[in-house]
Each structure stands twice: as structure tokens, then as C-alpha cells.
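Student: Predicted model, plus sequence, below.
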Amino acid sequence: MKAVGYFESLPITEARSLLDMELPDPRPAGRDLLVQIRAISVNPVDTKMRMRSTPTPGVAGVLGWDACGVVVECGVEATLFQPGDEVWYAGSIARPGTNSELHLVDERIVGHKPAALDFAQAAALPLTSITAWELLFDRLGVAPGKQHSDQSLLIVGAAGGVGSILTQLAHRLTGLRVIGTASRPAPAEWVRSLGADEVIDHSRPLAEELRRAGIPDVTHVASLTMTDLHFPEIVEALAPQGRLALIDDPGPIDIGQLKRKSLSLHWELMFTRSLFQTADMIAQHRLLDEVAELVDAGVIRTTIGEHYGSINAANLKRAHALVESGRSKGKIVLEGF
């Protein structure tokens, strides 16, 4: 099968940072599905793993943790899908990624693709949807429904992949007042279009920006980027007994600052269930099916930003470079080999 992989951790500007290659076709066993990959998208985890995880000498590492495709074959213990089903998923960082023509994935972290979207549009959503859903409902503890009209959510980095989904989920499925951050006009308009009630500039002090918008404090914060930089301002902006959830990998932060207000800190990593084979691992299958229904009902829209063409090393290098720049809007997708 065709694939894009790497043998050593290199800057994306290096010729060998990502390579086109041929690899053996995998075969499914147990609860695995063998999926023919039709489209993928690129996430920050792809660039982090490329730079931080060196493959075993002589063995190609394959990145990619977002995919949409068609089930080709099912393992003997698989019961949720059958050959021909169109599926979407984010996969597991403990296994080879989705930048290959064929891919193995445990059916418990796979959902049925939304019928309303084509493969490229759908590939933009799985990882960010799982992350945003788990962050909002599992980590921050917000209950779906419109009963939270007296509460508010500040999303730091609302224009990115996770922020784009989180803004929609919070706006459409809860009663939270949603405040997104963006530092430039185009991303700010994008965040407004997704349902944010207010958009503030995260290049300025967050608490000051909130007060300028007439918001004295917020009950919940989702910090999606540069948490260490914004941490003191987040603490100031949170109301007493508020909740902070983050997804990034910040430098040292002083959690002692949380004590005076009895603030709680929560971390979200959507790979935890698959990494540890948790008892509730199948929750991601159900979650993805529920998000697909929301997409088909017109409640959630795809966050595709740019289509970078076919799945090959040259196009993936371009995509990695843009993600690393921190200036992407929505998701970068690639389609077909």
C-alpha cells in the first residue's frame, strides 16, 4: 500500500522529514477494522509526534490521526460495522497513523460517517469533535441543555480545529454564553460565524478584554493554546469555583494560583481511552455517531479550512508547516492517493 512516513525526527523543511513509501498491507484481527482511507486531516498532534517520537531504527513511522474511509474487512470479533460502511475516526497514538491507503483501527473508536458530508469534509471533524465533546461535557462537566443561561465559557484559541467545534457545541447544545478569542479580523469573523456571542483579542490581556466587553468574569475556560502564557489572566478571569480545562502542552504553570478561588483544573486528551483500553472506550464510537447525527441535522458544520490535494509527502509537508506556524483557520484536509 502507498503511505507517507518518516524514519527520523526532522524539521519539516528537511527533505526527509516526510517520505512517500510502499508498506505491506495490514490484516484485521479481533475487533479491528481494515479501512480504505479516502481522506485525512492534519492536527497539531501530527507535528508533535513527528518531532518528538523517533521510530524504531529501520522501521517507518506513519503519522495521521484523523481519517474518513470505507471498511474493507472486519476482524472476527467486530460487530459494529460491516464491509462497505463509510466511517470516520481519529485512531490511536499507540498504533500506526492514517497517512496510508489502508489502516487498522479498533471499531470501538470508530463512527459512521455523516451522510451529508463528502469524505474530505468529514475528515476535518473526528479528532477535534471528540476532543471538544469530551472537554465540554466530561472535563468541564457542562450538561447538555439550555439551563446554563447564567454561566459562560471563554474559549482561548477559538478559531483553530478544536475551538471551531467547541464553539458550535457550546452554542448549539448548551445555554452557556460563549466568548471566543482570536487575534486577527478573519479568524474573529470565523468564530462569530460559528456562534460565539463575543470575540475578544487574545494578544491583549484576557481579563481586560473581557471587562471591555462588559463581562466581569466567566464560569468556565477552555484553554486550547499557549496556556502558560495566558495562565495568570485566566485565573483572574475565572469566577470563584470556576473550571479550567486545557488540551495543550504548556510550560510550567503555578497551580497554587487556583487555590484562593477554589478553581479546578482538568486536562483533556482524546487518546486516553484507546491508550489505556478503558472500560468505556466504546463511548467514542457512540460520540462520533451522535456528532454525525448533529451534522446531518444541520446543527454542526464541517470546519474544513483548506484542501491541500492528494495524500503525498509534498502536500503533507505543506500542511505540517502551516499547522506549525499557528496561523491555520479550520482544518487542512487531503484526499486520495
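Tutor: That came through fine. Numbering: from 1, shown residues only.
Student: Now do the helices for the stretch 1-150 of the chain: every range, in order, please.
Tutor: Along the stretch 1-150 of the chain, counting by DSSP state H, counting those that start in this stretch, helices occupy 44-52, 119-123, 126-133.
Student: where's the longest one relative to the chain centroid, distance-wise?
Tutor: What it means is helix 44-52. For helix 44-52, the separation from the chain centroid amounts to 14 Å (computed by Cα atoms, centre = their mean, to the nearest Å).
Student: again, but for the shortest one
Tutor: Its chain's C-alpha centre lies 14 Å from the corresponding centre of helix 119-123 when counted by Cα atoms, centre = their mean.
Student: got a list of contacts for it?
Tutor: For helix 119-123, the surrounding residues in contact (Cβ atoms under 8 Å, 6 or more residues apart in numbering) are 38-41, 66-69, 86, 88, 113-114, 295, 302, 304, 307, 331, 333, 335. (C-beta placed from N, C-alpha, C; glycine too.)
Student: According to the record, where do the domains of the chain fall?
Tutor: Segmentation of the chain into domains, based on automatic domain parsing, reads 2-125+272-335, 128-267.
Student: Would you mind giving those as CSV with mean pLDDT added?
Tutor: Below are these laid out as CSV (pLDDT from 0 to 100):
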stretch, mean pLDDT
domain 2-125+272-335, 96
domain 128-267, 95
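Student: sec struct for the closest residue to residue 183 other than its chain neighbours, please.
Tutor: Spatial nearest neighbour of residue 183, excluding adjacent residues (Cβ to Cβ, 6 or more residues apart in numbering): residue 203 at 4.3 Å. When classified by DSSP: H, G, I helix; E, B strand; the rest coil, residue 203 comes out as coil.
Student: What is the neighbour count of residue 203?
Tutor: By the criterion of other Cβ atoms under 10 Å, residue 203 has 10 neighbours.
Student: same deal with the one 10 residues further on?
Tutor: By other Cβ under 10 Å, 12 other residues sit near residue 213.
Student: For residue 199, see how far away it is.
Tutor: Taking Cβ to Cβ, to the nearest Å as the measure, residue 213 and residue 199 are separated by 9 Å.
Student: shared neighbours of these two, anything?
Tutor: With Cβ under 8 Å, 6+ apart as the test, residue 213 and residue 199 both reach residue 179.
Student: For the longest strand anywhere in the chain, list every residue counted as buried.
Tutor: What stands out as the longest strand in the chain, according to DSSP state E, is strand 32-42. Neighbour counts over strand 32-42 (16 or more other Cβ atoms under 10 Å) mark 32-35, 37-42 as buried.
Student: How about stretch 319-336?
Tutor: 319-320, 322-324, 328-335.
Student: do stretch 263-277 as well
Tutor: Residues 263, 268, 270-271, 273-274 are the ones in stretch 263-277 that count as buried (16+ other Cβ under 10 Å).
Student: Show me which pair in the residues you listed is furthest apart.
Tutor: Spatially, the most separated pair among those is 263 and 274, at 29.6 Å (Cβ to Cβ).
Student: From the buried residues of strand 32-42, pick the one nearest residue 6.
Tutor: Looking across the buried residues of strand 32-42 and measuring by Cβ to Cβ, the closest to residue 6 is residue 42, at 14.0 Å.
Student: That closest one: what's it in contact with?
Tutor: Contacts were defined as Cβ under 8 Å, 6+ apart; by that measure residue 42 touches 64, 66, 316, 319-320, 323, 331-334.
Student: want to try JSON lines for the residues you listed, with secondary structure as columns?
Tutor: Supplementary listing: the contacts of residue 42 in JSON lines, determined by three-state DSSP:
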{"residue": "64", "secondary structure": "coil"}
{"residue": "66", "secondary structure": "coil"}
{"residue": "316", "secondary structure": "helix"}
{"residue": "319", "secondary structure": "helix"}
{"residue": "320", "secondary structure": "helix"}
{"residue": "323", "secondary structure": "helix"}
{"residue": "331", "secondary structure": "strand"}
{"residue": "332", "secondary structure": "strand"}
{"residue": "333", "secondary structure": "strand"}
{"residue": "334", "secondary structure": "strand"}
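Student: Tell me the one of these nearest residue 166?
Tutor: Using Cβ to Cβ, the contacts of residue 42 come closest to residue 166 at residue 331, 13.5 Å.
Student: which ones are touching the closest one?
Tutor: Counted by Cβ under 8 Å, 6+ apart, residue 331 has contacts 41-43, 66, 123-125, 128, 161, 164, 303-305.
Student: Compute the number of surrounding residues for the closest residue to it other than its chain neighbours.
Tutor: Of all residues not flanking residue 331 in the chain, residue 124 sits nearest, at 3.8 Å (Cβ to Cβ, 6+ apart). Residues near residue 124, counting by other Cβ under 10 Å, number 30.
Student: same check, this time on residue 152
Tutor: 23.
Student: Using the centroid of the protein, identify the residue furthest from it.
Tutor: Distance to the chain centre peaks in the chain at residue 260, reaching 32.0 Å (criterion: Cα atoms, centre = their mean).
Student: what about it, distance to residue 228?
Tutor: Here the criterion is Cβ to Cβ. By it, residue 260 lies 19 Å from residue 228.
Student: Setting aside sequence neighbours, what's the nearest residue to the residue sitting nearest the centre point of the chain?
Tutor: Centroid-nearest residue in the chain: residue 128, 2.4 Å away (criterion: Cα atoms, centre = their mean). Nearest residue to residue 128 in three dimensions, chain neighbours excluded: residue 161, at 4.2 Å (Cβ to Cβ, 6+ apart).
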